[in-house]
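In: dropping the sequence and predicted coords here.
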Amino acid sequence: MQLDVGSETLLDEIGRFCRETHMAESTFGRLAVNDGKFVSRLRFGGHVTTRTLDRVHNFIETYDGQIRPRGPRRLEAETSMTPGAASAPTAMAAALSSAASAPRVAPVPKLAPAPESATSAKQNFRFYDNRQKYLLFVNTCGEKWAIAERVGMELLNVHPKPPALRLFDAGMGDGTVLTRVLRETHHRFPTMPLYIVGKEISLEDVRLSLEKMSDRFFEHPATVLVLTNLYYSEAPWLTPKTLAAAGALTWHEVVLSGTTAHDFDQQIRALQPFLAEHWNVRSSPTTGNPLYQRPTVLVIYRDDHKFLLDRVIPRRGATRADFDLVIASQPYRLRVPIEFKVRKVLQPLVQSLGPGGRMLAIHSHGRDPGLEIVQKLWPDENPFRHDRHQILRALKGELGAAGRDLNFNAYSDSRSIFTYRMHTLPEEISQAIGTSTLLAAWNAAIYVNQIEDERLAQAIKGTDYLDAVQTVLRKHGGLWFHDESYVVSRRRD
């Protein structure tokens, strides 16, 4: 029997074991399950049987520091060597073997090759975890506004059914998009109960999002807001897939008393100690992706609407997805393989749609002045590897017969592609552009194009990067970017 046992968690265990024993991943696969490509297959969406999982755990628990032959053929001569007594050449060879395999499986491929250590903190640093870049981008560019407007267009096609309109935000970020969408939702459905689920693994983003929600509970009291740090394959159903994670799940309900935004804000602010304890993350040593330390579901609603919302409030172990609208805004990194985008992100989101439900997905498109800035420093750079047509074809092929009741809507460029700009005053783009404007534009360009820190450290040693920004800003009279959207919808009953 095949299981989805939480590949990130299993990869985390394997990565930690390989670091502690100085063992290459290919060697681990051969010794544990007689398959040198086991780890790479697992990383790119492979499933494991219960028997294989038991073999992996048994190997890790019983390993005594010696590498022995397994199966009918003898393995390489890395034998009878404990980690502590390993000779320097042998240990270095194992480390180099592990490092050599990293570029083939790293989630963000490096276009300019550089030596990496398997235990390097840089290898585990994810681009989107840099809070300074993210917050500067959000506050200087209008992407969140533009995305909220695009979601508002999709609400015209939403036809909710009792007892509530069901919306899933597959990555809240700082809550700017969700807040604006909830305003638009209230405008279109002012009296309809709302069931809102937001997935977010970042503690700081959850805090920023909750700060914006007291006004939403005041304006639209028939709201159930659920926040969770579960994975894409788990969050729509609020249920971890592994037995261990399900047993460790923290389910916390907050029933708001009072009738004013101030009352709600005070009670939401009181959640800070709970968030600090339960929204901790750790980085996967193999992919660098953040993993939850403790699976958590936080449910918030107003006490004076508890009776009305009885059928809407989720119950632990008895939740359903069936969403009317799924917002998947920048849910994956640009450079990851298309198979990862489809299997790990889009497929479970599509499966969470109810009859008539729609998933709106948005990612960066390129072909804009932001990419022009980047290409002045790295001429061959182009992180926009898969457009909406390629992704939809791959998703349709992956779903197979399960996608028969789905519509895959790429739309025309005029509807799919939209533009947002960096906020500047007319006089800012003049003969002498201020340093702060140049730095904001540079940050936006490298953020959208997802340039990793290793290359950035080299680029900012000189002034060429500022010259490139200034040239592009003067050429275009400002800075803007393109996003691309597509929709997958489920047919109605």
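Out: Alright, I've got the coordinates. No experiment lies behind these values; they were computed from the predicted model shown. Residues are numbered from 1 along each chain as shown.

In: next structured bit after the least confident helix or strand in the chain by mean pLDDT?
Out: Within the chain, no helix or strand scores below helix 88-105, which has a mean of 37 by mean pLDDT, DSSP states H and E. Where DSSP states H and E defines the elements, the next helix or strand beyond helix 88-105 is helix 131-140.

In: who touches that following helix?
Out: Residues outside helix 131-140 that contact it (Cβ atoms under 8 Å, 6 or more residues apart in numbering) are 127-128, 143-144, 173-174, 176, 204, 422-423, 440, 443-444, 446-448. Every C-beta, even on glycine, is put in place using the N, C-alpha and C of the backbone.

In: now it: how far from the chain's centre is it?
Out: 17 Å (Cα atoms, centre = their mean, to the nearest Å).

In: for whatever helix or strand comes next after it, packing partners?
Out: Downstream of helix 131-140, the next assigned helix or strand under DSSP H and E is helix 143-155. Packed against helix 143-155, as judged by 3 or more Cβ pairs under 8 Å, 6 or more residues apart in numbering; DSSP states H and E, are the following elements: helix 176-188, strand 323-329, strand 353-364, strand 417-421, strand 480-490.

In: now the helix or strand following the longest one against helix 176-188, angle please.
Out: Remark: after helix 176-188, the chain's next helix or strand is strand 194-199, criterion DSSP H and E. Between the direction of strand 194-199 and that of helix 176-188, the angle (axes from the mean of the first three to the mean of the last three Cα atoms, to 10 degrees) works out to 170 degrees.

In: who does strand 194-199 touch, helix- and strand-wise?
Out: By 3+ Cβ pairs under 8 Å, 6+ apart, strand 194-199 packs against strand 165-169, helix 176-188, strand 223-228.

In: now do the second one against helix 131-140, angle only.
Out: Put plainly, it is helix 176-188. Going by the same axes, to 10 degrees, helix 176-188 makes 40 degrees with helix 131-140.

In: now do helix 176-188 and strand 353-364, the angle between them.
Out: In terms of direction (the same axes, to 10 degrees), helix 176-188 departs from strand 353-364 by 130 degrees.

In: check which residues of helix 176-188 are buried.
Out: 176, 177, 178, 179, 180, 181, 182, 184, 185, 186 (16 or more other Cβ atoms under 10 Å).

In: quick one: closest of the helices and strands packed on strand 194-199 to residue 474.
Out: Distance to residue 474, taken as Cβ to Cβ, is lowest for helix 176-188 among the helices and strands packed on strand 194-199, at 29.8 Å.

In: before we move on, the earlier item: out of the helices and strands packed on helix 143-155, indicate the one that is most buried.
Out: Burial of the helices and strands packed on helix 143-155 is given as mean neighbour count (mean count of other Cβ atoms under 10 Å); strand 323-329 ranks first at a mean of 25.

In: as a whole number, average confidence for the very next helix or strand once past it?
Out: Counting by DSSP H and E, the next helix or strand C-terminal to strand 323-329 is helix 338-340. With pLDDT averaged residue by residue, helix 338-340 scores 95.

In: off-centre distance for helix 338-340?
Out: Here the centre of helix 338-340 is set off from its chain's centre by 14 Å, with Cα atoms, centre = their mean.

In: same list, the helices and strands packed on strand 194-199, but as CSV with mean pLDDT and distance to residue 301 please.
Out: Listed next are the helices and strands packed on strand 194-199 as CSV, based on pLDDT from 0 to 100; distance: least, Cβ to Cβ, whole Å:
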stretch, mean pLDDT, distance to residue 301
strand 165-169, 98, 14
helix 176-188, 97, 14
strand 223-228, 98, 5
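
In: I'd like those as CSV, with distance to residue 480 appended.
Out: Putting the helices and strands packed on strand 194-199 into CSV (distance: least, Cβ to Cβ, whole Å) gives the following:
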stretch, distance to residue 480
strand 165-169, 25
helix 176-188, 18
strand 223-228, 32
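
In: of all the ones you listed, which one is nearest residue 488?
Out: Going by Cβ to Cβ, the one of the helices and strands packed on strand 194-199 nearest residue 488 is strand 165-169, 13.2 Å.

In: and the contacts of the closest one?
Out: 158, 160, 177-178, 181, 185, 189, 192-199, 235-236, 321-327, 329, 349, 352, 354, 357.

In: any regions of the stretch 301-450 of the chain where pLDDT drops low?
Out: Within the stretch 301-450 of the chain, the stretches with pLDDT under 70 are 431.
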